[in-house]
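Colleague: Have a look at this prediction, sequence included:
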Amino acid sequence: MKIINTNFGKNLLTKLLLIIIIIAFALWGIGDFFTSTKKNVIAEVNGEPIYTKEYLNRLNKNKNFINSFLLKGKTEEEISYITLNILISEKIIDIIAEEENIYINDKTLSNFIKKDEKFKLKGKFSRTEYEKYLLKNQISHSEFENKFKKNLLKKIIIDSSTSGFNLSDYHKKSIKEDIFKEVSINFFQIKNDFNISNKEIETYFKKNKLEFSLGELRDGLKIKLSKKNLNIEKNDDTSFFEIISNIENDILDNISIDRLSKKYNLTIEKIEKINRKGINIDYNKSRDAFLVEALFLLNDDIKIQMYEKDNDFYIVELSQVYKNEKITLNENIIKDIKKKILVKKKREISNVILNKINDDNNYFDIYASQNNIKIKKTSLSKLKRSELFKKNVQFNIIDKEKKYYFLEQDGNFYIIKYLSSRILEDKANEYEKTIETEVKKRFKNLVLNEFDLIFNKKYKININREIYDRINKNTFQ
């Protein structure tokens, strides 16, 4: 039996734990359906049952977490098959763990949890941070630890299945050229000295009125929950989270924000009218923009909820919903329109310049000279951050193979002239181990892409269509 010790993968759980979704549903219609007299079994993996009750419990939980990264924007049908696929993947992980004699004991599990960065405060494990996480995610200790253990098993199995890649000189060379390439360029920036008339602004506004629509607007009420507001000592975390829990229970009992304010002697503040992007009616970013997510999750059935943002807790209550607000041309919209017109004019002139450079390469220098623009020279690599260009723009320049081109960054336009490129051999030799790691990672990603198909071939997955359809029909009707 393999006992996983606490030194395995020091930073293991600071990485994203991969969720394996087995594509069992892609195989439907090839004999993977079965009809069973066992009405309490919805699926089987290698004859191991997944019970109807398991599926129903998980489905109901997932319906309450539709804004998670895995379920956001998914239809009811998609949520149902993702739910079953997760259960199937977990069953496969259990089977593999048993086949490989992989076992995680309670002490090891505890040590891994304590190493998780989410639960650290000033570099050390904090019980308070741990409890806050459980409270925020509405999950019990046992439920979280069971889930954590399953994810840890997945990670161990994936790592063991993708280790031992052999490196070739070709792959090392490819990585060297990708990471250690340095490009030298000449460039100049297009000036902003374009005249924009009031008529142009008004015409643009009339033609693109919907572009400036704020859409649905909402306002509401909020209460910030802090130890100070609740008259709790600064270091008394226990009392603070007890009251937070009590307030959360009051909210579940549909107690209004007004009654909560009186019960706990708290001050209510207004949330100004804002849209889904946190923009107010003056077209400014609202001071309440950080509450947008909470405000727009509320509706006539659920008008109040507790919300945590950056370790601060808030009670948020929806007041009113506003639709089809009239759009008027104000100072902020005028500024926005000017920027858009300016970008359009600079893009047009950049294309004109490039066309002329294609006819005569000397025009790069001619245009700069005629417009009193200084031509600058710089060298860029992926090892050093540029002081001028953002990372994605910098990498784009390095990977470009054109002699002349223009690029845009934050509304600014640059005409670029490629000069030369080279491999930083000294750095490449210095980071030989980094190259090997990168090659392994890229191989590993290729293998992981095939994992679902491999597992489907190795483990027989059967789904009870009759039970599956009946449960979903009753659940989503």
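Modeller: Right, received. Where do you want to start?

Colleague: List the buried residues of the longest helix along the chain.
Modeller: Looking across the chain with DSSP state H, the single longest helix is helix 331-359. Using 16 or more other C-beta atoms under 10 Å as the test for burial, helix 331-359 gives 333-334, 336-337, 340-342, 345-346, 349-350, 353-354, 357. Backbone N, C-alpha and C define where each C-beta goes, glycine included.

Colleague: From residue 285, how far off is residue 322?
Modeller: For residue 322, the distance to residue 285 equals 18 Å [C-beta to C-beta, to the nearest Å].

Colleague: Have a look at those two and say which one is more surrounded.
Modeller: residue 322 (14 against 11; other C-beta atoms under 10 Å).

Colleague: what's the nearest residue to that one if we skip its chain neighbours?
Modeller: residue 217 (4.2 Å; C-beta to C-beta, 6 or more residues apart in numbering).

Colleague: The one you found: neighbour count?
Modeller: 19.

Colleague: Quick check: which helices or strands does the helix or strand just after the longest helix of the chain pack against?
Modeller: Once the chain leaves helix 331-359, the next helix or strand it forms, by DSSP states H and E, is helix 363-370. Judged by 3 or more C-beta pairs under 8 Å, 6 or more residues apart in numbering; DSSP states H and E, helix 363-370 is in contact with helix 331-359, strand 412-423.

Colleague: what's the closest of those to residue 228?
Modeller: helix 331-359 (35.1 Å; C-beta to C-beta).

Colleague: Quick check: the residue nearest to residue 318 when sequence neighbours are not counted vs residue 218, distance?
Modeller: Closest residue to residue 318 apart from its sequence neighbours, by C-beta to C-beta, 6+ apart: residue 298 at 3.9 Å. Residue 298 is 8 Å from residue 218, where distance means C-beta to C-beta.

Colleague: same check, this time on residue 315
Modeller: From residue 315 to residue 218 the distance is 16 Å (C-beta to C-beta).

Colleague: So which of the two has more stuff around it?
Modeller: With neighbours defined as other C-beta under 10 Å, residue 315 and residue 218 compare such that residue 315 has more, 25 against 20.

Colleague: so that one sits in a strand?
Modeller: Yes. Under DSSP: H, G, I helix; E, B strand; the rest coil, residue 315 sits within a strand.

Colleague: List the residues that contact it.
Modeller: Residue 315 sits next to 222-223, 225, 247, 251, 257, 260, 266, 304-307 when contact means C-beta atoms under 8 Å, 6 or more residues apart in numbering.

Colleague: Can you pick out the ones from these that are in helices?
Modeller: 247, 251, 257, 260.

Colleague: Tell me, how many residues neighbour the third one?
Modeller: Around residue 257 there are 21 other residues, counting by other C-beta under 10 Å.

Colleague: List the contacts of it.
Modeller: 221, 223, 268, 304, 315, 317.

Colleague: Bridge partners for the fifth one, pull those for me.
Modeller: Legend: beta-bridge partners of residue 315 under DSSP bridges are residue 223, residue 306.

Colleague: related to what we said a few turns ago, and the contacts of residue 315 as a markdown table, adding pLDDT and distance to residue 418?
Modeller: A markdown table is the format used below for the contacts of residue 315 (pLDDT from 0 to 100; distance: C-beta to C-beta, whole Å):
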| residue | pLDDT | distance to residue 418 |
| --- | --- | --- |
| 222 | 96 | 54 |
| 223 | 95 | 58 |
| 225 | 92 | 57 |
| 247 | 92 | 61 |
| 251 | 91 | 60 |
| 257 | 95 | 61 |
| 260 | 94 | 63 |
| 266 | 94 | 62 |
| 304 | 93 | 59 |
| 305 | 92 | 54 |
| 306 | 90 | 55 |
| 307 | 90 | 50 |
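
Colleague: Can you verify residue 93 is assigned to a helix?
Modeller: Yes. Assessed by three-state DSSP, residue 93 belongs to a helix.

Colleague: Quick check, pLDDT for it.
Modeller: Listed pLDDT for residue 93 reads 82.

Colleague: same deal with the one 4 residues further on?
Modeller: What the model reports as pLDDT for residue 97 is 83.

Colleague: pretty sure it contacts residue 155?
Modeller: No. Between residue 97 and residue 155 there is no contact under C-beta atoms under 8 Å: 11.8 Å.

Colleague: From residue 307, how far off is residue 264?
Modeller: 16 Å.

Colleague: so who does residue 400 touch?
Modeller: 183, 416, 418.

Colleague: pretty sure the second one contacts residue 185?
Modeller: Read it as residue 416. Yes. Judged on C-beta under 8 Å, residue 416 makes contact with residue 185 at a distance of 5.5 Å.

Colleague: What segments of the stretch 201-350 of the chain are strands?
Modeller: Applying DSSP state E, counting those that start in this stretch to the stretch 201-350 of the chain gives strands spanning 217-225, 269-274, 304-309, 312-322.

Colleague: and among those, the most buried is which?
Modeller: Stretch with highest mean neighbour count among these: strand 217-225 (a mean of 20; mean count of other C-beta atoms under 10 Å).

Colleague: so that strand versus strand 312-322, what angle?
Modeller: Angle, strand 217-225 to strand 312-322, by axes from the mean of the first three to the mean of the last three C-alpha atoms, to 10 degrees: 160 degrees.

Colleague: same for strand 217-225, what does it pack against?
Modeller: Looks like strand 217-225 contacts helix 237-252, helix 257-264, strand 269-274, helix 292-297, strand 312-322 (3+ C-beta pairs under 8 Å, 6+ apart).

Colleague: Using CSV, write down the CA coordinates of that strand.
Modeller: Only the C-alpha atoms of strand 217-225 are listed here, as CSV (Å, rounded to 0.1, in the frame of the first residue of the first chain):
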residue,chain,number,x,y,z
LEU,A,217,-30.1,49.3,-13.5
ARG,A,218,-30.6,48.4,-9.9
ASP,A,219,-30.4,50.1,-6.5
GLY,A,220,-30.5,48.7,-3.0
LEU,A,221,-29.4,48.9,0.6
LYS,A,222,-26.3,47.6,2.3
ILE,A,223,-24.8,47.1,5.7
LYS,A,224,-21.1,46.5,6.2
LEU,A,225,-20.4,43.9,8.9
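
Colleague: which residues touch that strand?
Modeller: 229, 243-244, 247, 257, 260-261, 266-275, 281, 288, 291, 295-296, 298, 306, 312-323, 325.

Colleague: Could you count how many residues lie near residue 406?
Modeller: 18.

Colleague: And for residue 275?
Modeller: Neighbour number of residue 275 under other C-beta under 10 Å is 20.

Colleague: How about the contacts made by it?
Modeller: Counting by C-beta under 8 Å, 6+ apart, residue 275 has contacts 214-218.

Colleague: related to what we said a few turns ago, in ChimeraX, how would I select just the buried ones from the contacts of residue 400?
Modeller: What follows is the ChimeraX syntax for the buried subset of the contacts of residue 400, where burial is set by 16+ other C-beta under 10 Å:
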select :183,416,418
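
Colleague: Now render the contacts of residue 400 as CSV, adding pLDDT.
Modeller: Shown next, in CSV, are the contacts of residue 400 (pLDDT from 0 to 100):
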residue, pLDDT
183, 94
416, 96
418, 96
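
Colleague: looking at the protein, which helix or strand is least sure?
Modeller: strand 2-3 (a mean of 32; mean pLDDT, DSSP states H and E).

Colleague: which residues touch the helix or strand that it is followed by?
Modeller: With elements assigned by DSSP H and E, the helix or strand that comes after strand 2-3 is strand 41-45. Strand 41-45 is contacted from outside by 24, 34, 49-52, 54-55, 84, 87-88, 91-92, 95, 459-464, 467-468, 471, using C-beta under 8 Å, 6+ apart.
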